[in-house]
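Colleague: Need a 3D model of the following:
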Amino acid sequence: MGLEFTKVDLIFADNLRKAMSIKGINALELAKRSGVGHPTIYDLVNKKRKNVNVNIASKLANGWGLSVGVLLTDQL
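Modeller: Now for the predicted structure:
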């Protein structure tokens, strides 16, 4: 049985991918900027991990100077 993702999980993964593309950075560079391990970022972007916690979402958002709300909603 595969992972079942919520709408928020899917939006977060898509927004993370979009933000990385817009900024022209990969998971390794985002890991350096945010303090989140690059395997975690890779898994989130590739929908291999669900239910991102608030701490990780906050670190990733802060890595770009975005609010967590932007990564969790259709605002990007």
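Colleague: use CA for all of it now, contacts and neighbours both
Modeller: Fine.
Colleague: Quick check: pLDDT value at the most centrally placed residue in the chain.
Modeller: Centrality entry for the chain: nearest residue to the mean C-alpha point is L16, 3.9 Å, by Cα atoms, centre = their mean. pLDDT, L16: 90.
Colleague: ditto for the one 3 residues further on
Modeller: According to the model's per-residue confidence, A19 sits at a pLDDT of 88.
Colleague: again, but for the one 5 residues further on
Modeller: Model confidence at G24, given as pLDDT, is 91.
Colleague: how near is the residue nearest to the centre of the chain to N46?
Modeller: Counting by Cα to Cα, to the nearest Å, the gap from L16 to N46 is 10 Å.
Colleague: Repeat that for G35.
Modeller: G35 is 19 Å from N46, by Cα to Cα.
Colleague: counting contacts, what elements does the helix-or-strand element of the chain with minimal mean pLDDT pack onto?
Modeller: Ranked by mean pLDDT, DSSP states H and E, the helix or strand of the chain with the weakest confidence is helix 68-72, at a mean of 85. With contacts taken as 3 or more Cα pairs under 8 Å, 6 or more residues apart in numbering; DSSP states H and E, helix 68-72 sits against helix 7-23, helix 54-64.
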